[in-house]
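Q: Dropping the sequence and predicted coords here.
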Amino acid sequence: MSDADDAIAETWQSVLEILSVDDRITPPLRGFLNLIVPKGIMGGTFYLEVPNEFTMGMLNQRMRAPILAALASIVDGGPVGNYAIVVNPDIVEERYEQTGFQHIDPAPLESPQPQLTPTPTLPARENDTRLNPKYSFDNFVIGQSNRFAHAAAVAVAEAPAKAYNPLFVYGDSGLGKTHLLHAIGHYAMNLYAGIRVRYVSSEEFTNDFINSIANNRGSFFQSRYRDIDILLIDDIQFLQGKAETQEAFFHTFNTLHDHNKQVVITSDLPPKALTGFEERMRSRFEWGLITDVQAPDLETRIAILRKKAQNEKLHIPDEVLEFIATKVSSNIRELEGTLIRVVAFASLNRTAVDMTLAQTVLKDVISLDDDNVISPIDIINTTADYFKLSVDDLYGSSRSQAVATARQIAMYLCRELTNLSLPKIGQLFGNRDHTTVMYANRKITDLMQEKRSIYNQVTELTSRIKQNLRYGA
Ligand SMILES: Nc1ncnc2c1ncn2[C@@H]1O[C@H](COP(=O)(O)OP(=O)(O)OP(=O)(O)O)[C@@H](O)[C@H]1O
């Protein structure tokens, strides 16, 4: 390092010291300061580099005044009037020299990510993370509704535990929270060889905890959740009211945080609105950055459908995508489900997808306004009635083919038409595991494309449920 470099680093250090006692910089913002690399001072301007645009935005929008004030008070030879920020993704590497991770050349977000398909040398590791290859940043469409959450997720993946910790993402069901969690995992693994990532639903976390007590395997539980670099935990609201599991999570969180490991949490509500959580837990959720995902606007919905069609190699005219996007507005899962229905109908009839076909399929899709929220009880009652079964049959454990299929259809519709998470739906159907709901979802999606009878049943039921709601049946 030259003398000039030393002087720049020293000056920046003094700026940081001043900022460290500036109340305007809240703890969540503080993390961004660690991401800055000072590069030089020229003509009264301090040149700084940051690894991504998100950090640049945060510095300019939220910390500009304090940084300028600190610079003005510190630099010899007259105040430095300004600072300039340049985005340089390569500095991720510089900042990670001291960490245990080995940095891999960052793959551009738009390019295929090599580790999404496990290579022969890495199968165990990829399996262990529980990441779904379909949920990558590549496949995530950015719009007004999720821009901030996406940028925060990218920043966390690029600099785990450096920017803000935890990252807390909340929002209604089906708006991309799980997708973002997985994408963080994939991208971080793509950037840092050897990084240990674990995705877990809160329900799995609970089960692992209970099993560890039942089987006296506390050390297994600890190493599973503490010997990692990034913990991605989905649907934290599911820990509501579970005092002992919360306690286990509290210790897991503290250990990871103390050791500079990243935690990312999703929830259906912001920390303040989460009931059934101890205050110390909620306040920890607020230590880092809190961001929400909202329902996408029309353009984003069209872009999501286009991306989905591209990925699945489906040839669907733009006007059809636009038509679907206009009809289904509040839940991306339902949006995708509607696209699948249109494609299934075309394939059952061996015909191409066009506007006439889409109109036929969607004629019964009634768009509901915000006040009309479908409850799982509406779905279960209507489904039982439709199949001439009792509600207890759907909740119960009968494995007869007819009852099992009806139950799977009811689960599928709960997933598609309500805001409930997989664990909540499982709980509702006689305390079943969330993987049973996932299986039901996949099974019905597939069956709809193979069997006209199932397709018709799902379609008729959907419109019946919506009609009942609308006309108060
Ligand atoms: N911005 C997006 N671009 C592309 N696909 C998206 C986007 N947002 C959501 N999706 C897709 O919508 C579906 C539902 O998203 P996801 O499961 O992530 O929702 P969620 O918010 O986690 O819901 P829940 O709270 O019910 O678990 C997924 O198939 C996901 O890939």
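A: Looks like it arrived, so ask away.

Q: For residue 314, see how far away whichever residue of the stretch 301-450 of the chain sits closest to the ligand is.
A: Nearest to the ligand, among the residues of the stretch 301-450 of the chain, is residue 332, at 3.6 Å (Cβ to the nearest ligand atom). (Each C-beta comes from the backbone N, C-alpha and C, glycine too.) Distance, residue 332 to residue 314, using Cβ to Cβ, to the nearest Å: 17 Å.

Q: ok, residue 380 touching residue 393?
A: No. Counting by Cβ atoms under 8 Å, residue 380 does not reach residue 393; the two are 10.2 Å apart.

Q: Nearest residue to the spatially most central residue of the chain in space, please, no chain neighbours.
A: Nearest to the geometric centre of the chain sits residue 177, at 2.5 Å (Cα atoms, centre = their mean). Closest residue to residue 177 apart from its sequence neighbours, by Cβ to Cβ, 6 or more residues apart in numbering: residue 266 at 4.0 Å.

Q: for the one you found, helix, strand, or coil?
A: The three-state assignment at residue 266 reads strand, by DSSP: H, G, I helix; E, B strand; the rest coil.

Q: Around it, how many other residues sit close by?
A: Residues within reach of residue 266, counting by other Cβ atoms under 10 Å, total 25.

Q: Run through the residues that contact it.
A: Taking Cβ atoms under 8 Å, 6 or more residues apart in numbering as the criterion, residue 266 is in contact with 168, 169, 170, 177, 178, 180, 181, 233, 234, 235, 236.

Q: For it, give me the pLDDT.
A: Looking at residue 266, its pLDDT reads 97.

Q: ditto for residue 202
A: pLDDT, residue 202: 92.

Q: I figured it hits residue 423, correct?
A: Yes. Proximity of residue 202 to residue 423 meets the contact threshold set by Cβ under 8 Å, at 6.9 Å.

Q: Can you work out which residues contact both of those two?
A: Common neighbours of residue 202 and residue 423, using Cβ under 8 Å, 6+ apart, are 235, 238.

Q: which residues does residue 373 contact?
A: 418, 419.

Q: What strand or helix carries it?
A: Using DSSP states H and E, residue 373 falls within no helix or strand.

Q: Check which element follows the helix or strand where residue 356 lies along the chain.
A: Residue 356 belongs to helix 355-362 when assigned by DSSP H and E. On the C-terminal side of helix 355-362, the closest following helix or strand by DSSP H and E is helix 376-386.

Q: What is the neighbour count of the closest residue to the ligand within the chain?
A: Residue of the chain nearest the ligand, by Cβ to the nearest ligand atom: residue 176 (2.7 Å). Residue 176 is flanked by 25 other residues according to other Cβ under 10 Å.

Q: cool, residue 359 as well?
A: Neighbour number of residue 359 under other Cβ under 10 Å is 13.

Q: OK, contacts around it?
A: Residue 359 makes contact with residue 323 under the criterion Cβ under 8 Å, 6+ apart.

Q: what does the protein have sitting close to the ligand?
A: Contacts of the chain with the ligand, taken as Cβ under 6 Å from any ligand atom, map to 135, 139-141, 146, 171, 173-179, 235, 268, 304, 307, 332-333, 336, 421.

Q: hang on, the earlier thing: in strands only, show me the contacts of residue 266.
A: Secondary structure assignment (DSSP state E) places 168, 169, 170, 233, 234 from the contacts of residue 266 within strands.

Q: I figured the second one hits residue 294, correct?
A: Spelled out, that is residue 169. No. Residue 169 lies out of contact with residue 294 (Cβ under 8 Å); the separation is 11.5 Å.

Q: quick one: which of those two has more around it?
A: Taking other Cβ under 10 Å, residue 169 and residue 294 do not tie; residue 169 has more neighbours (29 against 16).
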